[in-house]
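1. Need the 3D shape of this:
(2 chains)
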Amino acid sequence: MKRTHHCSELRTEHAGQTVTLSGWVHSRRDLGGLIFIDIRDREGRTQTVFDPSDLPPETFERASTLRSEAVVSVSGKVRKRPDGTDNLKIASGQVEVMVTNLEVLNQAEVLPFPVDDPEVTAKVNEELRLQHRYLDLRRPEMVRNLRLRSKVATATRVYFDEQGFLEVETPLLFKSTPEGAREFLVPSRVHPGQFYALPQSPQQFKQILMVAGVERYFQLAKCFRDEDLRADRQPEFTQVDVEMSFIERQDIYDLIEGLLKRIWKTALDIDLPTPFQRLSFEEALNRFGIDKPDTRLGMELVDFTEEFRASKFKVFSGAVANGGHVKALNARGLADATQGQIEAMTECAKSFGAKGLAFIKVEGGEWKSPIVKFFTEEEKAALTKKLDIQEGDLILFAADEWLAACEILGRIRLYCADVLQAQGKLVIPKDRFDFLWVVDFPLLSFDKEQNRWYSSHHPFTAPVAEDIPLLTTDPRKVRGQHYDVVVNGVELGGGSIRIHQPDVQKTVFEQVLQIPPDLVQARFGYMLEAFRYGCPPHGGIALGFDRLLATLCGTSSIRDVIAFPKTAKGADLMTDSPAPVEPKQLRDLHIDLKVPKKEPQG
RNA sequence: GGGGGUGUAGCUCAAUUGGUUAGAGCGCUGCCCUGUCACGGCAGAGGUUACGGGUUCGAGCCCCGCCACUCCCGCCA
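-> This next block holds a predicted model:
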């Protein structure tokens, strides 16, 4: 049964050798008196020939009954294919194996969907693919993704080892810290009524490791968040988690740029230019309307606050009078936007609090717009100049508070880019990767509904040193030592320099975030205590490993780079989980269920 | 929690907008076929139109409900 070669290995120089191949029946061409069977393994495929003149009739008969995806082991002599019968589509296409022995290791029933035809399979309903993930993973594209993931994981470990990092595993049964994302809870059998939580990230352990003197820590860490899912979010996911002592922000930039450079070279043989561009949070919002800008798209936002301060168009001048901004973007070539597309954009703007969406279509040499009649010649000239308006352009406006105006147009910009790409008017090369750092985030944001400040990143993020006195006097102005790394509009990861002084950490928890002292003690007491016994200055970062792989593989869904992902409702369709448990299990855990009974249908 | 999309043969999709017995390609089954590689030829089987109601002379199509998948908003310290 042992194989001598894999199925993408044989070449003309192997001709004459007797070999054994093992794998799956990829395809079968039964010509009646002669049968061709392509054997496939994870490396590729090889054509085998069953010729009755070389074979016992019984073996030939068995070959004719083989079905797709049966598992076989065949032995025979390799030979160069007859002239004119080479198959250039496969690597082993110049040779074939003349089978003398066939062992059927397992038959396969008819499959629920084909795995041998990439065009068909790529369109198969994802529900079905997830139900039979083991078949989905046989597809060459999925094998490639698994392989790339493994390669990148190894490259990551090698890189960090070279840089003097220790890989340390941290617990999955952790303590609930309900400030952040909703957690998965694990009931304790031994401690009735008490729960573990699965970690949203190893944040606190990695900081504790710095107190422990590890100095350089990394881990490919499993993280868990019980929030609603998206194409780029799963309830359990993997982070490249990093923490270092005695560093400043620049050290993290250098380290991560080196890592990504290594990964891109290993995975795609692409040399990433470093250092990455650096944008402040404010500049990212001003120019792109989002804190994770996709700089490949062009169409930057332009500010017209001054130009429209005294405008006759009251929507603009009114917004400015209230301290707001007027911003615009030029969707080049989108003047032919349909009514439906304009409406979709307007709906999108409204969902961000806009009252409407002002626009100008530049068609046939004139500006078609319900608002252009309010504009003076000076205002029109300013628009033409700063937006470089040309025939065929679509100009879109937002007038609102600064952040809202930016975010509305930021969202519209992405919508326009989608439309332009679908129309072929915006073409982005597949091998283009625009990396950048977003820095200088505000440390705190204000929650209007709950009337309190919350951490923009997390409560362990260090303020810029000279801003520490402002924590209690003017929180809005405090800058955080936080950074995000972004590629092509995807937030790949983020981190910060941490607070390492127990008194500053206590101030943030109790006075700024207004967490009662007894709660702080119960939830974070061990950390504050640890900080008192000699905590080095430290900082770190976490990269979304799944998003990283999705970017490398050119897919928008991280499900394509996770072997066994869950659906949008967190179900595993293959194992049918989550699922009910036995009453005894619940009794052991001291749990009573209160699940409303479903109303009978009808 | 909210909004959009999808659900018809094993798979991918049609069904002239409410009208005869729901079709096609691939796959599957049987027979034929010695140089195929998307093999070819002939024949055949295969449907609770996701599910439950309703309107109608008549529903795959319209209405109500419900389930699953998917995308987005909220959410994701």
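
2. which residues does A:Gln47 contact?
-> A:36-38, A:81, A:87, A:90, A:92-93, A:96-97 (Cβ atoms under 8 Å, 6 or more residues apart in numbering). (C-beta placed from N, C-alpha, C; glycine too.)

3. The residues you listed into TSV, with extra columns for secondary structure and pLDDT?
-> Shown next, in TSV, are these (DSSP: H, G, I helix; E, B strand; the rest coil; pLDDT from 0 to 100):
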residue	secondary structure	pLDDT
A:Phe36	strand	97
A:Ile37	strand	97
A:Asp38	strand	96
A:Arg81	coil	97
A:Asn87	coil	96
A:Ile90	coil	94
A:Ser92	coil	97
A:Gly93	coil	96
A:Glu96	strand	98
A:Val97	strand	98
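
4. Please list which of those are also close to RNA strand B.
-> Filtering these for neighbours of RNA strand B using Cβ under 7 Å from any atom of the strand leaves A:36, A:38, A:81, A:87, A:90, A:93, A:96.

5. Tell me the one of those nearest A:Leu383?
-> Closest to A:Leu383 out of those is A:Ile90 (58.1 Å), distances taken as Cβ to Cβ.

6. Pull the number of nearby residues for that closest one.
-> If you count neighbours by other Cβ atoms under 10 Å, A:Ile90 ends up with 17.

7. Let me know the secondary structure of the closest residue in space to it that isn't next to it in sequence.
-> Among residues not flanking A:Ile90 along the chain, A:Arg45 sits closest, at 5.8 Å (Cβ to Cβ, 6 or more residues apart in numbering). Of the three states, A:Arg45 takes strand under DSSP: H, G, I helix; E, B strand; the rest coil.

8. What are the neighbouring residues in contact with A:Arg45?
-> So A:Arg45 contacts A:7-8, A:23, A:26, A:38-39, A:90, A:92 (Cβ under 8 Å, 6+ apart).

9. switch to 10 Å and redo it
-> A:6-8, A:21, A:23-24, A:26-27, A:37-39, A:87, A:89-93, A:116, A:140 (Cβ atoms under 10 Å, 6 or more residues apart in numbering).

10. Could you turn the buried ones of these into a ChimeraX selection?
-> Of these, the buried ones can be selected in ChimeraX as follows, counting by 16 or more other Cβ atoms under 10 Å:
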select /A:6,7,8,21,23,24,26,37,38,39,90,91,92,93,116
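
11. Which parts of the stretch 451-600 of chain A are strands?
-> A:452-455, A:482-487, A:490-497, A:538-544 (DSSP state E, counting those that start in this stretch).

12. Among the ones you listed, which comes closest to A:Phe165?
-> Counting by Cβ to Cβ, A:Phe165 lies closest to strand A:538-544 out of these; the figure is 10.9 Å.

13. how about that closest one, does it reach RNA strand B?
-> No - Strand A:538-544 lies out of reach of RNA strand B by Cβ under 7 Å from any atom of the strand, never closer than 8.5 Å.

14. who does that strand touch, helix- and strand-wise?
-> Packed against strand A:538-544 by the contact rule (3 or more Cβ pairs under 10 Å, 6 or more residues apart in numbering; DSSP states H and E) you find helix A:203-211, strand A:216-224, strand A:236-245, helix A:249-268, strand A:482-487, strand A:490-497.

15. Turn those into CSV, columns for distance to A:Gln107 and mean pLDDT.
-> Shown next, in CSV, are these (distance: least, Cβ to Cβ, whole Å; pLDDT from 0 to 100):
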stretch, distance to A:Gln107, mean pLDDT
helix A:203-211, 49, 97
strand A:216-224, 37, 98
strand A:236-245, 35, 98
helix A:249-268, 38, 98
strand A:482-487, 46, 97
strand A:490-497, 44, 96
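
16. who wins for proximity to RNA strand B among these?
-> Minimum separation from RNA strand B across the helices and strands packed on strand A:538-544 (Cβ to the nearest atom of the strand) falls at helix A:203-211, 3.6 Å.

17. now the closest one, how far from the chain's geometric center?
-> In terms of Cα atoms, centre = their mean, to the nearest Å, the centre of helix A:203-211 is found 25 Å from the chain centre.

18. again, but for stretch A:396-415
-> Distance of stretch A:396-415 from its chain centroid, counting by Cα atoms, centre = their mean, is 24 Å.

19. now the angle from the longest helix anywhere in chain A to strand A:538-544?
-> When chain A is scanned for its longest helix (criterion: DSSP state H), the result is helix A:140-162. Counting by axes from the mean of the first three to the mean of the last three Cα atoms, to 10 degrees, helix A:140-162 lies at 170 degrees to strand A:538-544.
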